[in-house]
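Asker: Next come a sequence and a model predicted from it.
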Amino acid sequence: MWKEYLKEDSRGVLQYAPVDRGKIGYLSIHVPEEIILGAGRLPYRLLGRGKPVKRASAYLPKTFDPSVLDSLEGAIEGEYGFLEGVIVANVSDAHRRLYDAWRLCGTPKNVFFLDVPKGADALRVKTFSLALSALMREMETALDVRISPEGLREAIGLCNETRVLLQRLAGLRRQKRPPLSGHDFFDVVSWAQRNDKSYVNQKLRLILQELEMARGNGTVGPRLMLTGSPLGSPELISLIERLGAQVVCEDLCTGMQYFSDLVEKDSPEPLNALARRYLDIPTARMADTRARWGYLHKMAEEYDVDGVVYFTLKFDDIYLFEYPFIRNKFQKAGYRVLLIEAENFLTNVGQIETRVQAFTEMLG
Amino acid sequence: MTIVEDQRKRQREFFTLQFQKRLKRPRGYSPLKSSQARERAMFRLLLESFREGSSVVWKSTFVPSEIIYSLGAIPLYVESFSAVASAVDICPPMLDTSERCGYSRDSCTFLRAVLGASHKDILPRPDALVSTSYYCDGDPKIFDIFAEEYKKPHFYLHVPYAAEAGWAIEALAEQLEEVTIELAKVMGKPFDKERLSEIIQSSNEARRYLLRANELRRHVPSPMLGCEAIDYIASITQLWGSPELVRISRLLCEELEERIEKGVAAVDPEQFRLLWCHLRPYYNDEVFNYLEGHHKAVVAFESVNLITWKEMDPEKPFRSLAEKLLANPAIGPYERMTREVARMIRDYQIDGVVWMSPWGCRHFNSMAQLVKDGLRRELDVPFYILDLECIDKRNYSKEQVRTRLDAFIEVLGGRKEGCTPQV
Ligand code: SF4
């Protein structure tokens, strides 16, 4: 029953959001949705098309993060023409160049840029606040709006509520038999990232009401944690769960990282509060491997996982460089790790299935 | 990671031997005295960093060496270590080790080589590590991993992308100051501003000579081979701030002036003038020898020798260093780089551009097509994206590279004769 809410999005959104509110796309979870909301627009996370690219390769090399090539292809093909603008963040070498290429050949034409430091200490937070205010000014000019501190505070309240609700939902997956699968959870988070927050919050409350009462029907197979590069679709999670395991937590920007922490409420300086929270997300791109390992280890323990699947997109350097370190740490802590390196969409399904199956059997 | 001192001594002896062999290698040209001095200075620096009692700071490309010298420490530019290791032919086992550890063959060989070297424990031990957000994602990531392995602090500098925005200089200057003070604490010394000011002055002096050398290299025919000049990497060398760089660059100017006066051409007859973008293959000189020796196409200038920053103010060292870093055209949108490439093409009367594109370098590869297209809108100069590996000789195929270069030179030849095929 609760899954019906996810299908209602376009109808539902209209009840809660005035029709004339444009959408602003964003690619990275280091982009504060609150700023988009503060500008009176709806944040819309771009999750990719999961199809082969053709035209994007005329601008960017083939040896490049495939999810970025995918986004560029979508921009060239006009698939994001419904957006009023898009925010590209400096979260990787690939995203930086995406900003260049999108400006040359993509739609929408309003392409904003946000610089994101890789550290979360005082000076980096200060630098990020400056970058955020530069972004705000740029958006104000392009969209002819004013983003006020009150507007930001209101948006912080709304987004924090979404985070708390999603945290509660994620918490249900700690149960021995979680009431929702990893695939379902992925769908909820993606939906929450693409719809009006008031609407999302209202429906999340209903979803929680239903699932907190429900008896889990999840499998009893091994409990897995999924970590690594961004996943645009739940394809890999479905594959794992089809083979009898259950993804009970995921350190993904399209998963639990999205609601990892709250923004300080009622801060006299909402921009600084945003800067702090959005640099505190322990993604792999941040240069604090110790904090990242601490976060991953805690998650593995809290969700009582039996093994870890580390997914990396081809040419996604951040993960390719991180993997051996994190694998060793997990192994020392007694967890088995399976590495899966793939394209943006799963081309070598048979091979991945065989490896996941072997891994699941080993854990079982 | 436990490292015993006699191992260090053995490593030092091993590298000394390798460097001696390297200095005596047969070359296809007779090098300038300044080039030999530069090579010796680099080797000395590396050997010093193996010496017991030396304070060593590992740094990535854009961390200004000036701050490290001001603390009496030795900068170890890790990518440069990989280049040296490739030149003395010890890279393949380093790369094999990194692959065995799980590092992907698709990522940068400079970084993987140094990861392998660290695993084999053949690197000078760091007292601290400093990285910047530029050039690439790999640097801060692996520095952080090294910091964990060596149990030493890692400081990270965020270089704002909006290099031309008013707030960028202050934001970076503050970070530079903070890092310097933190490094001083690690070294157990107070930070000495006067010392840094002196070093900035020395850096300015070397800059003046290197700018002059760059100007002299505009001469037609070119007084210097690209094969030799590219090793100066004037935009990023870790010798900035050292007295050696002043001596070397002064000598370079004198030698270039002398060559021009005597009418010595590096390539005779000079058929084509090329601009080379990115670094070079370090495992051999073949590509340069083929271009400059066989095709008489001199590499008249290299993007890595470009000096874009203005003279620094010794009274405001951090602000000046921030300006220096932010002046790098690789920071910010690709248009900045395109502008500089166009300028070099004009300044050096360039007939064609070779943009070297190693497989694993996301930073440089990603700009290639954008810069090429951007240039095409304002200049009619052939631009060739050459897939070529810097470090890993296992991925080098002489015949393949030659065939590609032949095709490019043919295009340049065709243009001289009046037809204008596109590359
Ligand atoms: S070669 Fe490219 S990827 Fe490697 S360290 Fe340099 S900029 Fe980074």
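Answerer: Arrived safely, thanks for sending. Bear in mind that the values here come from a model prediction, so they are computed numbers and not experimental data.

Asker: Okay, now the unreliable bits of the stretch 101-250 of chain A?
Answerer: Applying pLDDT under 70 to the stretch 101-250 of chain A flags the ranges A:216-219.

Asker: where do the helices sit along it?
Answerer: Using DSSP state H, counting those that start in this stretch, the helices of the stretch 101-250 of chain A run over A:122-143, A:149-171, A:182-192, A:197-213, A:235-242.

Asker: Just put those helices in a markdown table and tack on distance to B:Ser118 and mean neighbour count.
Answerer: Any C-beta I mention is one placed from the backbone N, CA and C, and that applies to glycine too. A markdown table is the format used below for the helices of the stretch 101-250 of chain A (distance: least, C-beta to C-beta, whole Å; neighbours: other C-beta atoms under 10 Å in any protein chain shown):
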| stretch | distance to B:Ser118 | mean neighbour count |
| --- | --- | --- |
| helix A:122-143 | 26 | 19 |
| helix A:149-171 | 37 | 19 |
| helix A:182-192 | 36 | 22 |
| helix A:197-213 | 46 | 17 |
| helix A:235-242 | 32 | 20 |
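
Asker: closest to B:Val304 out of those?
Answerer: Smallest distance to B:Val304 across these (C-beta to C-beta): 27.3 Å, for helix A:122-143.

Asker: What helices and strands are in contact with that closest one?
Answerer: helix A:33-38, strand A:85-90, strand A:111-115, helix A:270-280, helix B:166-187 (3 or more C-beta pairs under 8 Å, 6 or more residues apart in numbering or on different chains; DSSP states H and E).

Asker: Try it again at 6 Å.
Answerer: Applying 3 or more C-beta pairs under 6 Å, 6 or more residues apart in numbering or on different chains; DSSP states H and E, we find helix A:122-143 packed against strand A:111-115, helix A:270-280, helix B:166-187.

Asker: still on that earlier bit, nearest to A:Glu250 among the helices of the stretch 101-250 of chain A would be which one?
Answerer: Of all the helices of the stretch 101-250 of chain A, helix A:182-192 sits nearest to A:Glu250, with 6.9 Å by C-beta to C-beta.

Asker: Which of the helices and strands packed on helix A:122-143 sits closest to the ligand?
Answerer: Comparison of the helices and strands packed on helix A:122-143 against the ligand by C-beta to the nearest ligand atom identifies strand A:111-115 as nearest, at 18.2 Å.

Asker: neighbours around B:Glu261, how many?
Answerer: 9 (other C-beta atoms under 10 Å in any protein chain shown).

Asker: Give me the contact list for stretch B:94-106.
Answerer: The contact list for stretch B:94-106, computed with C-beta atoms under 6 Å, 6 or more residues apart in numbering or on different chains, reads A:Phe315, A:Leu320, A:Pro324, B:Arg112, B:Ala113, B:Leu115, B:Gly116, B:Ala117, B:His119, B:Lys120, B:Asp392.

Asker: Check those and tell me the two furthest apart.
Answerer: Maximum distance among these (C-beta to C-beta): 26.1 Å, for A:Phe315 and B:Lys120.

Asker: Between the two, tell me which one has more neighbours.
Answerer: More crowded of A:Phe315 and B:Lys120, by other C-beta under 10 Å: A:Phe315, with 27 against 14.

Asker: so that one makes contact with A:Thr63?
Answerer: Yes. A:Phe315 lies in contact with A:Thr63 (C-beta atoms under 6 Å); the separation is 5.3 Å.

Asker: returning to that earlier point: quick check: which of the helices of the stretch 101-250 of chain A is nearest to the ligand?
Answerer: Minimum separation from the ligand across the helices of the stretch 101-250 of chain A (C-beta to the nearest ligand atom) falls at helix A:122-143, 20.6 Å.

Asker: what about that closest one, distance to the chain center?
Answerer: Computed by C-alpha atoms, centre = their mean, to the nearest Å, the chain-centroid distance of helix A:122-143 equals 21 Å.

Asker: Let me know the angle separating that helix from strand A:111-115.
Answerer: Helix A:122-143 and strand A:111-115 meet at an angle of 170 degrees, taking axes from the mean of the first three to the mean of the last three C-alpha atoms, to 10 degrees as the criterion.

Asker: Please enumerate residues in contact with helix A:122-143?
Answerer: With C-beta under 6 Å, 6+ apart as the test, helix A:122-143 has contacts from A:39, A:110, A:112, A:114-115, A:117, A:147, A:271-272, A:275-276, A:279, B:158, B:167, B:171, B:174-175, B:178.

Asker: quick one: contacts for residue 167?
Answerer: By default, I'm working from chain A. Contacts for A:Gln167 (C-beta under 6 Å, 6+ apart) come out as A:Phe259.

Asker: actually chain B
Answerer: Neighbours of B:Trp167 in contact, by C-beta under 6 Å, 6+ apart: A:Leu130.

Asker: Need the helices and strands packed on helix A:122-143 in a markdown table (columns: distance to B:Lys372).
Answerer: Listed next are these as a markdown table, based on distance: least, C-beta to C-beta, whole Å:
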| stretch | distance to B:Lys372 |
| --- | --- |
| strand A:111-115 | 21 |
| helix A:270-280 | 35 |
| helix B:166-187 | 27 |
